[in-house]
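Undergrad: fold the following and give me the result.
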Amino acid sequence: MQEAVIIDCLRTAVGKAPRGALRNTRPDDLAAEVIRGLLAKYPQIPKDEIEDLILGCAMPEAEAGLNMARNAILLAGLPDSVTGATINRFCSSGLQSIAMAADRIRTGGAHIILAGGSESMSLIPRSGHHFSPNPKFVDERPEVYMTMGLTAEEIQRRWQISREDQDAFALRSHQNAVRAQTEGRFDEEIVPVKVEMITPNGGKPHRSEITFNKDEGPRTDTSVEALAKLKPVFHANGTVTAGNASQTSEGTRAAADGAVCQLCDRRRSTRDHGDRAGGGDSEGAGTGRPDARRYRRDRVERSLRGAGAGCDPCGRTGHGKGERERRGDRARASVGMHWYETNRDHSARDAARTGEVRIGDDVRRRRAGRCRDFREDLELWQQEQSRPVPG
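TA: The predicted structure follows:
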């Protein structure tokens, strides 16, 4: 079995729906921009040797419909010989596309594949333009159609996560993201997009063009006090607010998967040792069930062995080797990922980031009793924030 390598991963900046800079930009156009940026960075990859584009999309209809992946290929200027497939696993659609690309490469079905996700939550409603639920589910299992806001409230109820903890976690996320932006940590992975802006001006609308290259979500002006004033938005007696919930987003991320390491930038590439998905109850979306058969540690380790992860000298299977590779190669995809934990944002943002790797690993270790609850980490962070500044 040949080895699959994620050569690199680029993205657009993430827009904030429905009033952000990308509100009128089509997802297939965004996907084409990222593909062009990825191929411009690696001119040694012949365009006619790319065999497929697998593109994830949670709502593949309207502007994202009609096999958006194939349309993006043609918009990016690739030859007609390059095929495209659009897939849907909701929030983990983009990550699923990378997993499928890696599987095909490992089994010899392809040599170079592009994979990722693209979404517009401004142009396409969250339930689509024509929501048509199955009557059987409506009568017997209405929770199948619960929104993520309500499932978040259910998770809060089950695990007794206080509003204060949620707000503090949200504040820390904003502060970390703002600091990363200030330090230029995201610059290397963002493909600038030229966006036409139209503003009302009497009978003659004013047209202008901007270069969009900065995530709109991180806020410098938020605080614990500001977050505490916000009202719940999903349940009258709930704790999930616009400040501590994930924003509605739009954008594109794409990765190039290959079978040969000579094409790789070693600072941005990683080996792929396989994936595994596990199901849970619909009301608990956002966390996977520890007793789900596919989450069992022995099954995950068996998959990793089959994908070539092997055992490290300490006798652990897959995990130790994956940790070493992440340190050495600045990996962007987790070993033995669990879909729910690693993908709590919309699929425009879900195609394998370093932060997601840590989340996935932390959840896996927590299930095995080898990791602290996130609230303990939050408490340490709060203590750190309250220390007096020297001098």
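Undergrad: where along the stretch 51-200 of the chain do the helices fall?
TA: 68-75, 93-106, 135-140, 148-159, 163-182 (DSSP state H, counting those that start in this stretch).
Undergrad: most tightly packed of those helices?
TA: helix 93-106 (a mean of 26; mean count of other CB atoms under 10 Å). C-beta coordinates here come from the backbone N, C-alpha and C atoms, glycine included.
Undergrad: mind giving me the packing neighbours of that one?
TA: Applying 3 or more CB pairs under 8 Å, 6 or more residues apart in numbering; DSSP states H and E, we find helix 93-106 packed against strand 4-11, strand 52-56, strand 83-87, strand 112-119, strand 249-258, strand 270-272, helix 339-342.
Undergrad: ok, back up a step: include mean pLDDT and distance to residue 1 when you put the helices of the stretch 51-200 of the chain into JSON lines, please.
TA: Shown next, in JSON lines, are the helices of the stretch 51-200 of the chain (pLDDT from 0 to 100; distance: least, CB to CB, whole Å):
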{"stretch": "helix 68-75", "mean pLDDT": "98", "distance to residue 1": "26"}
{"stretch": "helix 93-106", "mean pLDDT": "93", "distance to residue 1": "5"}
{"stretch": "helix 135-140", "mean pLDDT": "96", "distance to residue 1": "40"}
{"stretch": "helix 148-159", "mean pLDDT": "92", "distance to residue 1": "37"}
{"stretch": "helix 163-182", "mean pLDDT": "96", "distance to residue 1": "37"}
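Undergrad: switch the ones you listed over to TSV; also include distance to residue 214.
TA: Shown next, in TSV, are the helices of the stretch 51-200 of the chain (distance: least, CB to CB, whole Å):
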stretch	distance to residue 214
helix 68-75	23
helix 93-106	21
helix 135-140	41
helix 148-159	25
helix 163-182	7
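Undergrad: can you tell which of the ones you listed is closest to residue 222?
TA: For residue 222, the closest of these is helix 163-182, at 5.3 Å, according to CB to CB.
Undergrad: and that closest one, C-alpha only, in PDB?
TA: Written as PDB, here are the backbone C-alpha positions of helix 163-182 (Å, rounded to 0.1, in the frame of the first residue of the first chain):
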ATOM      1  CA  ARG A 163     -22.700  30.100  31.200                       C
ATOM      2  CA  GLU A 164     -19.600  31.600  32.900                       C
ATOM      3  CA  ASP A 165     -17.400  28.800  31.600                       C
ATOM      4  CA  GLN A 166     -18.800  29.100  28.100                       C
ATOM      5  CA  ASP A 167     -18.200  32.900  28.100                       C
ATOM      6  CA  ALA A 168     -14.700  32.500  29.400                       C
ATOM      7  CA  PHE A 169     -13.900  29.900  26.800                       C
ATOM      8  CA  ALA A 170     -15.300  32.200  24.100                       C
ATOM      9  CA  LEU A 171     -13.200  35.100  25.300                       C
ATOM     10  CA  ARG A 172     -10.000  33.000  25.300                       C
ATOM     11  CA  SER A 173     -10.800  31.900  21.800                       C
ATOM     12  CA  HIS A 174     -11.200  35.500  20.600                       C
ATOM     13  CA  GLN A 175      -8.000  36.500  22.300                       C
ATOM     14  CA  ASN A 176      -6.000  33.700  20.900                       C
ATOM     15  CA  ALA A 177      -7.300  34.300  17.400                       C
ATOM     16  CA  VAL A 178      -6.600  38.100  17.600                       C
ATOM     17  CA  ARG A 179      -3.100  37.400  18.800                       C
ATOM     18  CA  ALA A 180      -2.500  34.900  16.000                       C
ATOM     19  CA  GLN A 181      -3.800  37.500  13.400                       C
ATOM     20  CA  THR A 182      -1.600  40.200  14.900                       C
END
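Undergrad: contact partners for residue 282?
TA: Going by CB atoms under 8 Å, 6 or more residues apart in numbering, residue 282 touches 141, 143-144, 146, 151.
Undergrad: right, I'll call it a day here.
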